[in-house]
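Asks: Here you go, sequence then predicted model.
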Amino acid sequence: MTEFISDVKTILYSNEDVFRVLSDPRKLELLQHKIPKDKIKDLTFDDDSISFRVDPIGMVRFLVVEREPHKTVKLKSEKLPFDLFLWIQLVSKGEKDTRLRMTLRAELNTFIQGMVEKPMREMMEKATEALAILPYDQL
């Protein structure tokens, strides 16, 4: 199992507000205009999943498989040639001080790992940076 762990990011909102937004994929739909159209296409959102097209892979779907209130959101990929798990972890350090860390685990063979390791690390860092600056009280 290959694991990618993001840096810990500080979010200046309560863990309740952050969890409320990140545990409901529909709330992230409001942010799709910030995603580069040349990277991800055909975004769709519902109560429990996010789907999108990534070339050359094709359609990818992330299904929310577990929600632990104010602490964790766990997602699992579908429609990929390998299993991919994403954990969003939240830790409250104060009333408006939440720490966020993302962990991505994937069943990758050595050949695929060599091709996707750098892009996955970059994607994790960009995703955590984007999540750290969201206006959680407005979503």
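Replies: That came through fine. Numbering: from 1, shown residues only.

Asks: rest of the way, CA atoms for contacts and neighbours
Replies: Noted.

Asks: How far away from the center of its chain is stretch 114-122?
Replies: 15 Å (C-alpha atoms, centre = their mean, to the nearest Å).

Asks: Now it: buried residues?
Replies: Within stretch 114-122, the residues that count as buried by 16 or more other C-alpha atoms under 10 Å are Arg121.

Asks: Only C-alpha atoms, please: export that stretch in CSV.
Replies: The C-alpha trace of stretch 114-122 is given here as CSV (Å, rounded to 0.1, in the frame of the first residue of the first chain):
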residue,chain,number,x,y,z
GLY,A,114,6.5,5.6,-10.4
MET,A,115,4.2,7.4,-12.8
VAL,A,116,1.7,8.8,-10.3
GLU,A,117,3.7,9.5,-7.2
LYS,A,118,4.7,13.0,-8.0
PRO,A,119,1.3,14.2,-9.4
MET,A,120,-0.4,12.6,-6.4
ARG,A,121,1.8,14.4,-3.9
GLU,A,122,1.2,17.7,-5.7
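
Asks: ok, and what's touching it?
Replies: Stretch 114-122 is contacted from outside by 4, 6, using C-alpha atoms under 8 Å, 6 or more residues apart in numbering.

Asks: repeat for stretch 40-57
Replies: Outside stretch 40-57, the residues that touch it by C-alpha under 8 Å, 6+ apart are 24-26, 28-29, 32, 39, 59-64, 80.

Asks: Could you pull out the buried residues of that stretch?
Replies: Buried residues in stretch 40-57 (16+ other C-alpha under 10 Å): 40-41, 43, 45, 49-51, 53-54.

Asks: Going along the chain, name the strands of the chain.
Replies: In the chain, the segments counted as strands under DSSP state E are 2-5, 9-11, 41-45, 49-54, 58-68, 72-78, 84-94, 97-106.

Asks: Dump the ones you listed into a markdown table; add distance to Asp17 and mean pLDDT as well.
Replies: A markdown table is the format used below for the strands of the chain (distance: least, C-alpha to C-alpha, whole Å; pLDDT from 0 to 100):
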| stretch | distance to Asp17 | mean pLDDT |
| --- | --- | --- |
| strand 2-5 | 23 | 92 |
| strand 9-11 | 10 | 97 |
| strand 41-45 | 19 | 87 |
| strand 49-54 | 19 | 87 |
| strand 58-68 | 14 | 93 |
| strand 72-78 | 13 | 96 |
| strand 84-94 | 11 | 96 |
| strand 97-106 | 10 | 96 |
